[in-house]
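> kindly return the folded structure for what I paste below:
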Amino acid sequence: NYKKHGLNGLINDCSQRSFWPNGFMLHIYHEAMVNRDCDYEEELQDFFANLYGENWAVARDYLQAITDAFNHKYMCGEMSVDEKIGVHYCPEQAASLSKVAGITENFLAFAKTVEPKHRVEYQAWKLLKYHARYCAGLAKVMIVKCQGDTPKAIEMGDEFFADFGKHDIELGRWLDFELMSESLKAIIKKKPKVEL
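Residues are numbered from 1 along each chain as shown. So this is what the prediction gives:
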């Protein structure tokens, strides 16, 4: 109905700093609002190719591997094997989260070889490098959390967010660090289910 009423552009009330590590989610949200027949894969390829250049598929594959390793259902508290211990108690998830270290190491090694041709590519790859470091640190915390040691996870989480928070000013245009860290702290600290 947007076109019917003459409305154009991105219309929502979400954080406009949702560009961590890129703005594809807002792009596809907008595209689907104005073109219900858009093709997700075509949009993804076009967006990533324009952002990451000739190595766009490496960026896509890295992000998919991270998504798979963290497992959306687990992060939403839907995989607990004993909710009396906590909605994020799922020791089996440790194996998946343990893959993050290798995924990020391999990605960072490749990212060092990338020679961006344009400023936007340079910034996009720089954000992905920060993202890899962030994911590696968060995975360590979540491994402890999924094994049921909430006090240790809280301690590690506080250290991790304090350390990574040092980059808040540099990343502030793309990442609402306060909003993200508080959401993740709720997962680490609390037993009740958290809706993401």
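
> for stretch 75-88, buried residues please.
Judged by neighbour count (16 or more other CB atoms under 10 Å), stretch 75-88 contains these buried residues: 75, 77, 79-80, 86-88. C-beta: built from backbone N, CA, C; applies to glycine.

> going by distance to Phe48, which of these wins?
The closest of those to Phe48 turns out to be Met75 (CB to CB; 23.1 Å).

> show the pLDDT at that closest one.
Per-residue pLDDT puts Met75 at 94.

> leaving out sequence neighbours, find the closest residue to Met142.
Spatial nearest neighbour of Met142, chain neighbours left out: Leu97 (5.3 Å); criterion: CB to CB, 6 or more residues apart in numbering.

> need the max-distance pair from the buried residues of stretch 75-88.
Top of the distance list for the buried residues of stretch 75-88 (CB to CB): Met75 and Gly86, 13.2 Å.

> residues in contact with stretch 169-189?
Residues outside stretch 169-189 that contact it (CB atoms under 8 Å, 6 or more residues apart in numbering): 15, 17-21, 75, 77, 88, 127, 130, 138, 141-142, 145, 150, 153-154, 157, 161, 164-165, 167-168, 194, 196.

> in helices, which of those fall?
Members of the contacts of stretch 169-189 lying in helices (criterion: DSSP state H): 75, 127, 130, 138, 141-142, 145, 150, 153-154, 157, 161, 164, 168.

> just put the buried residues of stretch 75-88 in TSV and tack on distance to Tyr122.
Listed next are the buried residues of stretch 75-88 as TSV, based on distance: CB to CB, whole Å:
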residue	distance to Tyr122
Met75	30
Gly77	38
Met79	38
Ser80	42
Gly86	41
Val87	40
His88	37
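
> quick check: of those, which lies closest to Ile103?
Closest approach between the buried residues of stretch 75-88 and Ile103, by CB to CB: Met75, at 16.1 Å.

> does the residue nearest to Met142 lie in a helix or a strand, and which?
Take DSSP states H and E as the rule and Leu97 turns out to sit in helix 93-111.

> hmm, which of the contacts of stretch 169-189 are the buried ones?
Among the contacts of stretch 169-189, those classed as buried by 16+ other CB under 10 Å are 17-21, 75, 77, 88, 127, 130, 138, 141-142, 145, 150, 153-154, 157, 161, 164, 194.

> quick one, what contacts Asp46?
No contacts exist for Asp46 under CB under 8 Å, 6+ apart.

> surely it is in a strand?
No - residue state for Asp46 (DSSP: H, G, I helix; E, B strand; the rest coil) corresponds to helix; a strand is not indicated.

> and the gap between it and Ala95?
Going from Asp46 to Ala95 by CB to CB, to the nearest Å gives 35 Å.
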